[in-house]
Each structure stands twice: as structure tokens, then as C-alpha cells.
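What follows is a predicted protein model with its sequence.
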Amino acid sequence: MSRQFDIAIVGATGLVGGMLVELLAASDLPVGEVALLASAESAGKRLAFRGRHRSTQALDEFDFSTVQLAFFAVPEAIAQVHAERAAEAGAIVIDVSGAFAADQSVPVVVPEVNAEMLTDFRERGIIASPSPGSIQLAMVLKPVLDAVGLGQINVTVCESVSEAGRPGVDELASQTARLLNGQNPEPKLFSQQIAFNALPQTGAVLESGASRSEVRLALETMRVLGEPGLRINATCLRLPVFFGTSLVVQLETGQPLDAGQAVALLESAPGLVVVERPEGATLIGDALGHDAVWVSRVRADLSREQGLNLCLVTDNLRKGAALNCVQIAELLIKDHL
């Protein structure tokens, strides 16, 4: 009998945690026992995993020495405390919170781009899975970087409310209903009304004027690509969309690369779907429920030489978070454990 791995899913009642439960249950991973962990308030909730209903347990009381893999889908502050505790207990941690984006002893991994970095996981016992925007951007930049090099990269990230978790989805739904019924929107989670609106930042603003989301995207992308000097200028917006993350990317290539050549490169890269249809753009609806990053509107930048523009979209809960973690676990088990 092949070896089985006992796992913990931290944040199992959240949106990303719920997607992790779904994808891990459907995967071929040799899973033994499963611990579904949540806050004390959510402990006792029953969730299905591979045909069996299991009760969630309180994170604060869980003994991580009883599992070999721990998937963390919780806010940064919680991950900083409990991911370290899990790793110290001997579990291998795969974390999506962003808490370890700047920690050089923790590899940041997108399997289609830098799977070789998994060899470094033993130093801390923690592996970071990047943000949805960072995953998309790294997967698209990698083939261009390898072929012709990269100069300046400007990216606008349009985040859906689900990147703020279930409360974000609830707030958009509630505000939409209230406004359609002539009532005040009552912002709670977001600083301003999100329904029928667009917010010009996500995450706290740092002293530099950039937001944490923008700094995280640039840092994670550079680390995944192994290019600490890459010039990435990011702006992150919040749109009144429930699911999906969209990017508008303007990049400068190191050597000439026309749009047709770029399309050929991207079509041959793993995990990408390039769409060339008359209307010229992918939709969020294309990406939802699918594993790929969708690429469209690949075209020359008419304002400068060696410039390209393109649009990206992916399911932020699936490939943008949970699936990337499952792929990391699959590679770990196959090649390193």
C-alpha cells in the first residue's frame, strides 16, 4: 500500500478553504485522516469530504503533530501565529495568506513556473502560494522572460470582492439589494460603498503610498520568476464583481517580439488558454470553474517600441488560490516526500 498523508485544512469554512476541501477531495492525493479547522465560533460545523461528513475543529486547540500536511487559507495575522506553530510541530505548511511573501527562507511557488524551488521547503517547513494576481502574472511573464527578456511591467489588478473572503461577498450582495430597494448601502467591511462602484485600492496603504496588495504582487512575482530586479509597477482596484481576478498588463520586452510571436509563446506555456476571437476579450465567466489562466487582447503597444498589451482573467478561488496549493502538494508528494 502506498503511503498516505494525514492533512489539516485551516480555514475550511471560508471561501478558499471550501474550495480546498472540494479540490483535495476530488484529487488523487493519498489522503489519510483529514482535520477541518476553523475558528472557535465555527467549530462543530459539518463538511463533506470524500463521501463522509466531518465536524470542524477549533484551530487554537489543534495538535499539528498529528498531520503531515497543513493547508492554510486564513488571514495573515492568523497564519503568522499558527503556520509557524504547525511547522514547528513537524507539519509541512502550504499557505495562501501572504504572510511569508517577503520571507526569503520560505519559497513562493507556482508549479508551472518554479517547481524547482520546492527543494527549499525543509528550511522552514513552509511554502507560500502567491496571490491570484501574482500567479497569473508570473505564468504569463515566464515564457516571455525566457524568450526575449523583460523591461518595465505595468499591471492593473481588478480584484473581486471574494478576495476579501465571505464577508466581501455578503457585503456586495447586501448593498446591491439595499440600493435596488432605495435604501442606504451601509458600508462595513469596505471603506466605501462597493455595489455599483469601484474602489481605487485594496489593502492598507503603506508610507510609500503603495498598498500592501500592490507590494505583495510585485514581490511575489519577482520571487517566483527569480528576478529580484524586475521592474513591476502595480495598481490594485476593487470592483463590484463576486468572483474572478482580472489583470491588464503592459510590458516591455528586452528584444523585439510581435503580437503573433507572443501568442505562439503563450499558447505553448502550461496552464494558459489564449483566446483569439472577434470580440477580442475573455470574460470572467470564461474563467470561473476552470483551472487555467485565460489570456486575451494580445496586441502591440502603439505608444512604444517592444511594448505589448494583454488581458488576463482567472478564477481567484480555484487556480488563484486552492488549486495552486493542491498542485504544490502533488509535487511535494511525488518528488520530495
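Done, it's in. Numbering: from 1, shown residues only.

quick one, what contacts A101?
Neighbouring residues of A101 by C-beta atoms under 8 Å, 6 or more residues apart in numbering: 108, 128, 130, 216, 219-220, 223. Using the backbone N, CA and C atoms, a C-beta is placed for each residue, glycine as well.

can you pull out the helices in the stretch 1-150 of the chain?
15-26, 76-88, 111-114, 132-148 (DSSP state H, counting those that start in this stretch).

One more: the stretch 151-300 of the chain?
166-180, 212-225, 259-267, 284-287.

deepest of these, which one?
helix 212-225 (a mean of 23; mean count of other C-beta atoms under 10 Å).

Next, report how far that helix is displaced from the centre of its chain.
Centre-to-centre, helix 212-225 and its host chain are 12 Å apart (C-alpha atoms, centre = their mean, to the nearest Å).

likewise stretch 68-83?
15 Å.

Let me see the residues that make contact with it.
By C-beta under 8 Å, 6+ apart, the list of residues contacting stretch 68-83 reads 5-12, 14, 16-17, 20, 24, 59, 64, 86, 90-100, 126, 165, 321-322, 325, 329, 332, 337.

The same query, at a cut-off of 7 Å, please.
5-11, 14, 16-17, 20, 59, 64, 86, 91-99, 126, 321, 325, 329 (C-beta atoms under 7 Å, 6 or more residues apart in numbering).

hmm, which helix or strand of this structure has the shakiest average pLDDT?
Every helix and strand of the chain was ranked by mean pLDDT, DSSP states H and E. The lowest is helix 284-287, at a mean of 82.

Counting by contacts, list what that helix packs against.
Contacts defined by 3 or more C-beta pairs under 7 Å, 6 or more residues apart in numbering; DSSP states H and E place helix 284-287 against strand 307-314.

What pairs with the strand it packs on, parallel or antiparallel?
strand 245-253 (antiparallel), strand 293-300 (antiparallel) (DSSP bridges).

Mean neighbour count, distance to Q68 and mean pLDDT for these - can I get that in a markdown table?
Converted to a markdown table, the strands paired with strand 307-314 look like this (neighbours: other C-beta atoms under 10 Å; distance: least, C-beta to C-beta, whole Å; pLDDT from 0 to 100):
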| stretch | mean neighbour count | distance to Q68 | mean pLDDT |
| --- | --- | --- | --- |
| strand 245-253 | 22 | 31 | 97 |
| strand 293-300 | 22 | 30 | 94 |
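
Nearest to E276, out of the ones you listed?
strand 293-300 (7.6 Å; C-beta to C-beta).

Looking at the helices of the stretch 151-300 of the chain, spot the one closest to L36.
helix 166-180 (15.8 Å).

so that closest one versus helix 15-26, what angle?
On the basis of axes from the mean of the first three to the mean of the last three C-alpha atoms, to 10 degrees, helix 166-180 is oriented at 120 degrees to helix 15-26.

Which elements pack onto helix 166-180?
Counting by 3+ C-beta pairs under 7 Å, 6+ apart, helix 166-180 packs on no helix or strand.

10 Å instead, please
Packing contacts for helix 166-180, counted by 3 or more C-beta pairs under 10 Å, 6 or more residues apart in numbering; DSSP states H and E, involve helix 15-26.

Which one of the contacts of A101 is nearest to D315?
P130 (15.0 Å).

low-confidence ranges in the chain?
Applying pLDDT under 70 to the chain flags residues 1, 277-282.

Kindly recompute the last result at 80.
Applying pLDDT under 80 to the chain picks out residues 1-2, 276-285.

how's it carved up into domains?
5-130+321-335, 133-316 (automatic domain parsing).

chain center to the shortest one: distance?
The chain centroid and the centroid of domain 5-130+321-335 are separated by 14 Å, computed with C-alpha atoms, centre = their mean.

go on, stretch 172-180?
27 Å.

how many neighbours does N324 have?
Using other C-beta atoms under 10 Å, N324 has 24 neighbouring residues.

helix/strand/coil for it?
helix (DSSP: H, G, I helix; E, B strand; the rest coil).

Look up how far T119 lies from the nearest residue to it once chain neighbours are set aside.
Nearest non-adjacent residue to N324, counting by C-beta to C-beta, 6 or more residues apart in numbering: S129, 4.7 Å away. Distance from S129 to T119, counting by C-beta to C-beta, to the nearest Å: 17 Å.

Counting neighbours around each, name which of those two comes out higher.
Per other C-beta under 10 Å, whichever of S129 and T119 has more neighbours is S129, with 31 against 10.

just to revisit the earlier point, so which of the helices of the stretch 1-150 of the chain comes closest to S160?
helix 132-148 (9.1 Å).

now the closest one, how far from the chain's geometric center?
Worked out by C-alpha atoms, centre = their mean, helix 132-148 lies 14 Å from the chain centre.
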